[in-house]
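1. Next comes the sequence, and after it the predicted model I'd like to discuss.
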Amino acid sequence: MKRSTLVNWLLVLAVVALAAIPVLFVQGEFGGSDGLAEQAITESHPDYEPWFSSIYEPPSGEIESGLFALQAAIGAGVVGYYFGAARTKRRLARGPADRHPEDTP
Amino acid sequence: MHIAEGYLPPLHAAAWAVASAPFVVHGARAVVQQVRTDPDSKLLLGAAGAFSFVLSALKIPSVTGSCSHPTGTGLGAVLFRPPVMALLGTVVLFFQAVLLAHGGLTTLGANVFSMAVVGPWVAYGTYRLVRRLGGGLGPAVFLAAALGDLATYCVTSVQLALAFPDATSGVGGAVVKFGSIFAITQIPLAVSEGLLTLLVVRLLVRVSPDELRRLGVLPTPPATPTAKEVGA
């Protein structure tokens, strides 16, 4: 394996470890920090009434997580498409000289 | 960093919307200009926006026992400069506010200011500073993305503190309170965002170095006649 490929895999591993370690070793609810901030506001300012509510609210947690997955999937699809297109472009631009003999008719 | 719908008093919500609006309008112009002057960069521009789309959808557990998400705006800020991310970040936040009930339309201005304005500018500033001090592309990208991410959450803490000052310790105490909710949770996530952004830039260096040269992220190769001016 090339050294730069190894470094890339180590980067992926580090990100996975950073996410996994808290789940394994920290006791917690793992609720969203956005929600915790809402709670803190309600505690310190009990008289505050949110004056506007979301125009659309996903009807259940399942649908909400589905929409989040959709968001990630669309994004990942576009990023993946870019890398595929760029790799192909680079390979074609390198010209016939670089290609394996069996590639050329 | 999403301030929930209705959770900023009308005056604050309006003020942040007014503060963000010029950045977003300027950002829209920057995107149009980028596409017009360099049509080949369109695809990479889309990929930078998509990266933010992915990362801001990923809620990752953190050491404080709660979850938060990266912002993904550092990559686009480094590649295309911050104004472009002002628009792309706004698109991401708008999608989340309308379809996911995450963030909100009344708080869009405040959320845009933290994630699509301050985050990208801090990322870009960090990137330029590290490069100027002689740092390599890798460290510069890592620090840019990580600090941009952290800055976003610090701004959110300040925004909430201004709207909901502590009864005894005032705005300062509230900054500490909201900061302990957001900023500490965010530190490992900022590191993750830095590492992921570094990974993407490393892959970009491999598959599309010409594109990065055009954007000025990589120096022009010494083989070209302009090599003398690069001086590296």
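-> Structure received.

2. And residue A:34, how far from residue B:193?
-> Computed with Cβ to Cβ, to the nearest Å, the distance linking residue A:34 and residue B:193 is 17 Å. C-beta here means a position set from N, CA and C on the backbone, and glycine is covered the same way.

3. Which one's more surrounded, these two?
-> Taking neighbours as other Cβ atoms under 10 Å in any protein chain shown, residue A:34 and residue B:193 compare with residue B:193 leading, 30 against 22.

4. Return the residues in contact with that one.
-> B:55, B:70, B:71, B:72, B:74, B:145, B:146, B:149 (Cβ atoms under 8 Å, 6 or more residues apart in numbering or on different chains).

5. give me the number of residues near the residue nearest to it when sequence neighbours are not counted?
-> In space, residue B:193 comes closest to residue B:70 once its chain neighbours are excluded; the distance is 3.8 Å by Cβ to Cβ, 6 or more residues apart in numbering or on different chains. The number of residues packed near residue B:70 is 30, by other Cβ under 10 Å.

6. For chain B, name the helix or strand with the lowest mean pLDDT.
-> The helix or strand of chain B with the lowest confidence, counting by mean pLDDT, DSSP states H and E, is helix B:227-230 at a mean of 49.

7. how near is the residue of chain B found nearest chain A to residue B:181?
-> Ranking the residues of chain B by distance to chain A (Cβ to the nearest Cβ) places residue B:65 first, at 1.8 Å. According to Cβ to Cβ, residue B:65 and residue B:181 sit 12 Å apart.

8. more neighbours, these two?
-> When neighbours are counted by other Cβ under 10 Å, residue B:65 and residue B:181 differ, and residue B:181 comes out ahead with 24 against 15.

9. In chain B, spot the helix with the most residues.
-> Taking DSSP state H as the criterion, chain B has its longest helix at helix B:170-207.

10. Now that one: buried residues?
-> Neighbour counts over helix B:170-207 (16 or more other Cβ atoms under 10 Å in any protein chain shown) mark B:174-175, B:177-179, B:181-183, B:185-207 as buried.

11. isn't there a strand covering the residue of chain B closest to chain A?
-> No - in this structure, residue B:65 is coil, not part of a strand, as judged by DSSP: H, G, I helix; E, B strand; the rest coil.

12. can you pull out the strands in chain B?
-> If DSSP state E is used as the criterion, the strands of chain B fall at B:60-61, B:67-68.

13. sorry, back to before: averaged pLDDT, the longest helix of chain B. What do you get?
-> Averaged across helix B:170-207, pLDDT comes to 94.

14. now do stretch B:41-52
-> 94.

15. and stretch B:195-206, anywhere near chain A?
-> Yes - legend: contact between stretch B:195-206 and chain A by Cβ under 8 Å from any Cβ of the partner chain is shown at B:195, B:196, B:198, B:199, B:200, B:202, B:203, B:204, B:206.

16. before we move on, the earlier item: got a winner among the contacts of residue B:193 for most neighbours?
-> Top of those by neighbour count (other Cβ under 10 Å): residue B:74, with 40 neighbours.

17. That one and residue A:74: what is the separation?
-> From residue B:74 to residue A:74 the distance is 20 Å (Cβ to Cβ).
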